[in-house]
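Participant: pasting the sequence and the predicted coordinates here, then a few questions.
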Amino acid sequence: MSSDQQSSQRTPSDRSAALVGRLPDGPPEARLAAILFLLVLGVANAFGAWQVANFASFSPRGVAATVAPAGHHPLAMECCNFSAVGEKPIRPEDLDVPEHRIERALLVQDTHVHVPVYAMTAAFLALLVLGLRLSSRARLSLILLAFAAPVADFTGLWGAHLVPSAGVFFGALAVAGGLAMGVCYLAVLAIAIRQLVFVHKEESHA
């Protein structure tokens with residue numbers, strides 16, 4: 001039986017499985033596109049982290065204070081309580097008051113915009129993961145991490161907004177979600193550079 005006949009008899013699942021892990025052997029333009037996408041995505045992630053530093057916080061308490069309902073923050077409640085007499089001690093952690101607050105309407109807008117972007121980013125990273133030479137367990141772990149990150153992030157944001165009494169817990173969940181996406185991106189970037197740039201150059205000189 002010829003190779004053409006064998007390929008024609010393969011099922012769609014067989015042909016799809018044959019493409020897994022083939023990106024390092026792909027044409028230069030495919031490898032270049034993958035690397036450029038990751039580099040541009042890294043620029044966007046860097047500015048995203050900058051935005052979080054400017055308008056929110058990287059600490060669970062700061063995240064909780066940023067999305068808490070108006071008037072819930074302890075300092076805001078104490079400053080408006082004119083019946084309080086005398087000096088009150090202030091703890092350093094209570095000074096972590098965000099300069100920017102995210103009200104519910106803005107949180108709805110952020111969710112509407114950022115969750116689809118998160119989903120597309122996770123999908124593109126998953127496609128790259130499928131094209132790289134990795135074990136099935138490693139691919140599964142990275143793909144789950146990419147899609148779990150936005151779920152944790154926005155579950156934490158909405159949890160801190162809707163249940164302010166557990167704001168620190170949900171704030172930690174939101175921070176963990178953001179870090180998870182960063183870890184996933186850096187892992188895919190490192191593996192892609194190693195397999196699509198350096199190893200390929202070494203093999204081409206062999």
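Facilitator: Yes, it's here.

Participant: check the burial of the nearest residue to H100 once chain neighbours are set aside by counting its neighbours.
Facilitator: Nearest non-adjacent residue to H100, counting by CB to CB, 6 or more residues apart in numbering: F55, 4.1 Å away. (Glycine included, C-beta is placed from N, CA and C.) F55 has 13 neighbours, counted by other CB atoms under 10 Å.

Participant: so what pLDDT did F55 get?
Facilitator: On pLDDT, F55 comes in at 79.

Participant: cool, H100 as well?
Facilitator: H100 is given a pLDDT of 73.

Participant: I'd say it and V63 touch.
Facilitator: No - applying CB atoms under 8 Å, one finds H100 not in contact with V63, separated by 11.8 Å.

Participant: give me the common contacts of the two.
Facilitator: A56 (CB atoms under 8 Å, 6 or more residues apart in numbering).

Participant: ok, then the element right after the helix or strand bottoming out on mean pLDDT in the chain?
Facilitator: Ranked by mean pLDDT, DSSP states H and E, the helix or strand of the chain with the weakest confidence is helix 74-79, at a mean of 44. The element immediately downstream of helix 74-79 (helix or strand, assigned by DSSP states H and E) is helix 104-131.

Participant: give the buried residues for that next one.
Facilitator: Within helix 104-131, the residues scored as buried using 16 or more other CB atoms under 10 Å are 107, 111, 114, 118, 121-122, 124-126, 128-131.

Participant: which of the residues you listed sits closest to A176?
Facilitator: Y118 (14.4 Å; CB to CB).

Participant: what's the closest non-adjacent residue to that closest one?
Facilitator: Nearest one to Y118, counting by CB to CB, 6+ apart, is P150 at 3.5 Å.

Participant: what does the pLDDT read for the one you found?
Facilitator: Taking P150 on its own, its pLDDT is 95.
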